[in-house]
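Q: predicted model and sequence follow; I will ask about them next.
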Amino acid sequence: QLQLVESGGGLVQPGGSLRLSCVASGFTMHQYGIGWFRQAPGKEREIISCISSGGRNPNYADSVKGRFTISRDVARNTAYLQMNSLKPEDTAVYYCAAEYLGGCPRSLTIATFEYWGQGTQVTVSS
């Protein structure tokens, strides 16, 4: 059974950092494109970063560019989202998603993903 499990969320002060993890089971992550999404209260879910299958072509939403970094560890079958210089507006539930042989277009919103994790809460507050 294909499964994604996120972890690493929590409460952090503005300007702080967190690293989210997305552990895959039931499939080999390097064959899948990975996306990170977030959904803030009262807002629609938005894609903030993705990386294509094989680990190429990472892209980022303007709102996180220069602050967030997506990566993957094939040996651990895990994807990561390093989040630095966090702001209160980054507060949301963060989700990872996977798509077999998925790409990562510059226009993030056209990327599609079939498999989803359950989400992890990130709260940025003083």
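A: Sure thing, it's come through. This structure is a prediction, so every number in the text was calculated from the model and none was measured. Numbers count the residues shown, from 1 in each chain.

Q: how much space between the residue nearest in space to the middle of the chain and Ser126?
A: With distances taken as CA atoms, centre = their mean, the chain has Trp36 as the residue nearest its mean C-alpha position (2.3 Å). From Trp36 across to Ser126, the span is 24 Å (CB to CB, to the nearest Å). Backbone N, C-alpha and C define where each C-beta goes, glycine included.

Q: do you have the strands of this protein handy? List them.
A: Here the chain has its strands, by DSSP state E, at 3-7, 10-12, 18-25, 32-39, 46-51, 59-60, 68-73, 78-83, 92-100, 115-116, 120-124.

Q: Asp73 touches His30, doesn't it?
A: No: checked against CB atoms under 8 Å, the pair Asp73 and His30 is beyond contact range at 9.9 Å.

Q: can you pull the contacts of the residue nearest to Gly35 when sequence neighbours are not counted?
A: With sequence-adjacent residues excluded and distances taken as CB to CB, 6 or more residues apart in numbering, Gly35 is closest to Cys50, at 4.1 Å. By CB atoms under 8 Å, 6 or more residues apart in numbering, the contact set of Cys50 is Gly33, Ile34, Gly35, Trp36, Pro58, Asn59, Ile70, Gly102, Cys104, Leu108, Ala111.

Q: same deal with Gly119?
A: Glu6, Gln39, Val93, Tyr94, Tyr95.

Q: let me know which of the strands of the chain is tucked in deepest.
A: Stretch with highest mean neighbour count among the strands of the chain: strand 32-39 (a mean of 24; mean count of other CB atoms under 10 Å).

Q: pLDDT on it, on average?
A: Averaging pLDDT along strand 32-39 yields 96.

Q: before we move on, what about stretch 101-109?
A: pLDDT averaged over stretch 101-109 gives 87.

Q: swap in stretch 6-21?
A: Mean predicted lDDT for stretch 6-21 stands at 98.

Q: next one: stretch 79-95
A: On average, the pLDDT along stretch 79-95 is 98.
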